[in-house]
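Trainee: Structure for the following, please:
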Amino acid sequence: MPRAEAVEVFLAESPTSQVVQERPRLLVMESGVDETETKRIVTRLGLTHDASAYLFESEWDAARVQAVASVSKLEENIRFAVRADRLATSGPRRTVAEKELGAALSSTRRVDLKSPDAIVRAFIDGDYVWVGRQLWSRDPKETEARHVKHRPVGSPVSLPPKTARALINLAGAPRSGVVYDPFCGTGGVILEGASMGLQLIGSDLDIDMVAATKKNLAHYGLSATDVFQADVGDAPDALKDRGLPRLDAIVTDLPYGRSASSGKEALGKLYDRAFVAIRDCLPTGARAVIGLPSDAAARRAQEVLEPVDLFKVWVHRSLTRHFVVLKKR
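Mentor: Numbers count the residues shown, from 1 in each chain. As a prediction, the model looks like this:
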């Protein structure tokens, strides 16, 4: 899921982007845009830990690393620190790699572990290493601040902020794209999309949930294009009647479990109506990313919209969330 999220974000922002190499926990991409724009793109990510501008790669041999590092793109006469991660159990220890890379890069630069101008990131897979200059590192406190437990109005069930962010990115919405959540609840998807600079539209059958989303948006100093009360079956007409812009994507987490609010309607029937309404709201080729409780529910969604991908995320005990990515045929 983190890999798919990263790829979709780059394709949405720079369609010429492509995957060059990948390993467990590592993705190397050609972004097709400059470093400033790349940094802006990666700040959208929810499940990625950090991103670096590519410097070089090499087999792990001290002499070879020294030779490649000597012609590195890393700026000269700066203070830097090396931070290494091992992608596998084999290869040099992290501390050894940091020391040797620091020595290889320090001929025209100075190692400074306390206040460096740049962080050099090294990713080691056995006898091979990828090296980059860190552009961005996710601050978990930033998204944690919007967690349901910190909102003025909460609910028993809500997506973690980083997951909501990832679902929006999996939908492939471009910068300033229009994203709609027809089961907005207390605003988990709305808050994350708004914090990313997208145009968000939300609705919910429960007027109290609509009020909660608006209150939570105001608390964080964020805004949405519109948040209103509507049954999901009425959503296609409601969007038109309210004069709202053309959607780029729909991202939503459908109600489930005993605490779910479904207007006393059987969840199976509600889901079937929702899938049809979501299809009818979307322009051809646009995506929907939907959170569901089971394989059976995902299959029913895939009968109405074209399947693109499916991710299963274990939550606790017997609960596994199914996040299905769909496209309007």
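Trainee: Which parts of the stretch 1-150 of the chain are strands?
Mentor: 18-23, 26-30, 50-59, 79-86, 110-111, 118-125, 128-137 (DSSP state E, counting those that start in this stretch).
Trainee: Residues contacting the fifth one, please?
Mentor: For strand 110-111, contacts defined as CB atoms under 8 Å, 6 or more residues apart in numbering pick out 78-82, 102. All C-beta spots, glycine's among them, are computed from the backbone N, C-alpha and C.
Trainee: Mean pLDDT per element in this structure, and the minimum belongs to which helix or strand?
Mentor: Lowest by mean pLDDT, DSSP states H and E among the helices and strands of the chain is helix 62-69, with a mean of 82.
Trainee: Just give the nearest non-adjacent residue to residue 155, would you?
Mentor: residue 186 (4.7 Å; CB to CB, 6 or more residues apart in numbering).
Trainee: So, low pLDDT: which residues of the stretch 151-300 of the chain?
Mentor: 257-263 (pLDDT under 70).
Trainee: where exactly do the helices run in it?
Mentor: 161-170, 188-195, 207-219, 235-241, 267-281, 295-304 (DSSP state H, counting those that start in this stretch).
Trainee: quick check: angle from the longest one to helix 295-304?
Mentor: Spelled out, it's helix 267-281. Angle, helix 267-281 to helix 295-304, by axes from the mean of the first three to the mean of the last three CA atoms, to 10 degrees: 30 degrees.
Trainee: helices or strands up against helix 267-281?
Mentor: In terms of contacts (3 or more CB pairs under 8 Å, 6 or more residues apart in numbering; DSSP states H and E), helix 267-281 is packed against helix 235-241, strand 249-253, strand 287-292, helix 295-304.
Trainee: Check which residues of that helix are buried.
Mentor: 267, 270-272, 274-275, 277-279, 281 (16 or more other CB atoms under 10 Å).
Trainee: out of those, who's nearest residue 236?
Mentor: Closest approach to residue 236 among the buried residues of helix 267-281 (CB to CB): residue 281, at 5.1 Å.
Trainee: hang on, the closest one packs against residue 180?
Mentor: Yes - using CB atoms under 8 Å, residue 281 is in contact with residue 180, at 6.6 Å.
Trainee: what about the residue nearest to residue 155, neighbour count?
Mentor: For residue 186, the neighbour count with other CB atoms under 10 Å is 23.
Trainee: who are the neighbours in contact with residue 54?
Mentor: 28, 130, 132.
Trainee: rerun at 6 Å
Mentor: residue 132 (CB atoms under 6 Å, 6 or more residues apart in numbering).
Trainee: swap in residue 304?
Mentor: Counting by CB under 6 Å, 6+ apart, residue 304 has contacts 275, 279.
Trainee: Need the distance between the two termini of stretch 21-28.
Mentor: Taking CA to CA, to the nearest Å, stretch 21-28 runs 5 Å from one end to the other.
Trainee: can you check stretch 228-242 too?
Mentor: 10 Å.
Trainee: Stretch 64-82 now?
Mentor: 18 Å.
Trainee: what does it rub up against?
Mentor: Outside stretch 64-82, the residues touching it (CB under 6 Å, 6+ apart) are 55-56, 58, 98, 101-102, 104-105, 108-110, 112-113, 116-120, 133.
Trainee: How about the residue nearest the centre of the chain: what's its closest non-neighbour residue?
Mentor: Centroid-nearest residue in the chain: residue 166, 2.7 Å away (criterion: CA atoms, centre = their mean). Distance criterion CB to CB, 6+ apart; nearest residue to residue 166, sequence neighbours excluded, is residue 46 at 4.0 Å.
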